[in-house]
Every structure is written in C-alpha cells, then in structure tokens.
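Trainee: The following block contains a protein sequence and its predicted model.
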Amino acid sequence: MAYFRKSKAKGERRWEWSVRLRGYPHRHGTCPTKDCAKKCAEKAERELKAGMGAGRTTVRELLALYESSYLPELPRSAHKYRQHLAWWREELGAYLVQAVTPQMIAAAKARLQAGTTRRGSRRSNSTVNRYVTTLSSVWTWAKSPEVGLAVRHVVREVERLSEPAGRVRWLSRPMDVSGEEKSELERLLRACAKSRSRFLLDAVILLLGTGCRENEIMKLRRRDVRLQERGFTVGAEVAKTKKARFVALEEAALEVARRRSEAVQRSAGYLFAGRRGAATFPWTAWRTALKLAGVKNFRPHDLRHTHGSYLAMLGKTLPEIMQALGHSTPTVALRYIHLSDAHQRRVAVELTGELDEWMKFDEALSGDSQPAVLASEVVEAGE
C-alpha cells in the first residue's frame, strides 16, 4: 500500500511517499511534486511485488525449518547455533526470505556489535562473526537444490569483522630449551604420570601422539582399534567432518591403545569407559597437572596444535599433516602448524650453509680474486 502527504517542514514544497508491504522492509522517499511521488511509490511497490512469486516464506519460518531439519546433524554445535538463531529471529524474523538484503544483515550485525550480552559485556568481533556464520549456514542450506527456499546467498555479500591472530600454543620440546631447563613436554608428561586419574596420562599420550580431537579419543571403542595395522579408525559418527579416517599408532601411543583395548571385554566397549558410556575428559586432574608442571594457558585441544607443529618441524609435507589431522583444506591445517624459534634458527643455519656452497662465497667474494673467478667461469661457459 502506497501513502502520500505534503512535507511538514517549513519553507519546503515537497511530497513524501511510503510503501508498506507485509514481510518487506519499509520503502520511503521525498519528491518535488505529487506526480513524481506517485511514480516513485508505484515503482517501489512493483519492485517489492516482483519478488513475491518466489514464495512467501518468512525468515522466522526458514529458521524453524533449519532448526528442525538440519540442526540435528550438528549435535556438538546445536546449542550455540540455537542461541544465534534466536537472535536473528528477533531481528529479521518478520521479513520474507527474498526481501532480505546484505544491507539489512549488515545493519543487524552493527546492532549486534554495539549491544551487550546478558552479563553486560560487549561482544568481540569473533563472536559477531560467529553469529553471521550461523546465518550464512542457514542461507547455504536454504539455497541448496533440495530445499530451494532462497535464490540469492545474501549473507556471503556481508563482510566479516577483523579478528585477532589465531591462537599460537604448543608444548616446547627438549631441543627447544637450553641448559638444564626442562621443556614443557617433559614437565607435563611427568605431572600427568603423578596424577591420581586413571585416564589422564593415557589420554594425553594418545592426544599428543595422534593429533586427534579430545572427543575422538574419549569415545574410542575396542572394535575401532586395529592393532595388527598399528592404528585405529575414527568413525564418521564421532569425527567432526563426518568422515571416517584411519589414525596410525606408534611407540607409546600404540602401547596405550593395546593395553586399554585388552582390558575391555566387549568389542563395543570404550577404552575410556565411564559409568554410563564413554568417560569425560578428566578436567580436574588436567588442571592440577598443568599447575604442577608450571604450564600456563594450555588446553587439551592445544595438544592437537602440538602434534601438527611437531610434524611440520620434522619436515613433513602439508598433505601429510592434513591427513594426520583429518583436515580437508590446507587453510585449516595451517592454523595448527607453528614453528619454534629454535627450529627457525636451525633452518636459517642450514640454509646459510647451503647458500655458502651454492654461491661459493669464500672464492667469489674474496676481494681481488672476484673478477678472476667470474672471468674464468665465463670462459668455461663459452667453451
């Protein structure tokens, strides 16, 4: 419905127009004449109605369908997604899906950033980006051929906020420290060995030796362990990527898997069994061990970063590291690769040594002999 009226501003002879259609954002403007205002309003109304043939699904209905149809496939992230979806439902729920524009999402993103949480704290850029990512997941699902509720992926056109550099944390090795100082790796393993927990040391050894996620280790079953092949299988139902993969075991990690699998009577039994199914990670014992070892700002997931970093410093290729960590893209794998200062110094020394040999610094850069050496090389090349 279109509305017209003269401007109430003193000294102005202009006409205001507005168009309101249920499920669409309000369109309005001003024109110098009434005829111009009618034409502008009619044009805006035609543009809004042009998209009505694509469907009458509102964002609220789309979010409800996403939550009931797709969200159950993401059990580990569902609670966070629901929190984000509730916020987007309040912001954009009344609009039709085809009426949502990148500008509307960007404006809502700005309100989210300027607002506060229930505790009164400001949301970080990373948190705001996670909200937008959740909405992007909804639009990706809606745009798929099977669903077909969205024609244009408007969320992808919204820029993300800048975020701080990713977390860089891994355990130092004995070769990364000097003198009689003990590395973080040594101190943490000794502290775990002294723990009263039945699970802590074995869980840490497997996490460190395989690079698996905490959930993948704690839900490891006896039937998944393949001792003859020196490894185990991470099932698709446990893996974050929903793809099964084989994980190799050697030395201490293989011994832990062998000892624990032999102690489990049922093939479906967990290697780390609790009272009801799989045991949870021993957080209390973990924090105690960290305190005893003097290792600060370290999480169990950082053992995964440690595994990837150790592989990189051993000279393994990116595809090998991706396979070991179960990553499908190089970008994600690179977030788990960190090089110690000591390793970078060794690389520099090795490279300098090779350059000395390749460029023959001792001869070519020895003052008066330089022209003679270079000239002889030219003659030999010509012959």
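Mentor: Cool, the structure landed.
Trainee: tell me the contacts of residue 200?
Mentor: 192, 282, 285, 286, 289 (CB atoms under 8 Å, 6 or more residues apart in numbering). For the C-beta atoms, the positions are set from N, CA and C on the backbone; glycine is no exception.
Trainee: Could you pull up the contacting residues of the first one?
Mentor: For residue 192, the residues meeting the contact criterion (CB under 8 Å, 6+ apart) are 200, 201, 204, 289.
Trainee: Just list the residues touching the closest residue to the last one other than its chain neighbours, thanks.
Mentor: Translated: residue 289. Leaving aside its sequence neighbours, residue 289 sits nearest to residue 191 (CB to CB, 6 or more residues apart in numbering; 4.0 Å). Contact analysis of residue 191 by CB under 8 Å, 6+ apart lists 288, 289, 290, 292, 293.
Trainee: neighbouring contacts of the helix or strand containing the second one?
Mentor: In this case it means residue 289. Using DSSP states H and E, residue 289 sits in helix 283-293. Outside helix 283-293, the residues within contact range by CB under 8 Å, 6+ apart are 184, 187-188, 190-192, 194-197, 199-200, 296, 298, 300.
Trainee: Stretch 18-37 too?
Mentor: Here stretch 18-37 makes contact (CB under 8 Å, 6+ apart) with 1-4, 7, 13-17, 40-41, 44-45, 48-49, 56, 58, 94-96, 99, 101, 104.
Trainee: Same check on stretch 156-175?
Mentor: Under CB under 8 Å, 6+ apart, the answer for stretch 156-175 is 102, 105-106, 109, 113, 125-126, 128-129, 132, 136, 139, 183-186, 188, 208, 295, 297-299, 302-303, 305-306, 309-310, 335, 338, 340, 342.
Trainee: Among the residues you listed, the buried ones, what's the ChimeraX command?
Mentor: In ChimeraX syntax, the buried subset of the contacts of stretch 156-175 is picked out as below (16 or more other CB atoms under 10 Å):
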select :105,109,113,128,129,132,136,139,184,185,186,188,208,295,298,302,303,305,306,309,310,338,340
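Trainee: one step back: how about a markdown table for the contacts of residue 192, with pLDDT added?
Mentor: Below are the contacts of residue 192 laid out as a markdown table (pLDDT from 0 to 100):
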| residue | pLDDT |
| --- | --- |
| 200 | 94 |
| 201 | 94 |
| 204 | 93 |
| 289 | 95 |
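Trainee: Distance to residue 150 and secondary structure for those residues - can I get that in CSV?
Mentor: CSV is the format used below for these (distance: CB to CB, whole Å; DSSP: H, G, I helix; E, B strand; the rest coil):
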residue, distance to residue 150, secondary structure
200, 47, helix
201, 50, helix
204, 45, helix
289, 49, helix
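Trainee: Which single one of those is nearest to residue 88?
Mentor: residue 204 (39.4 Å; CB to CB).
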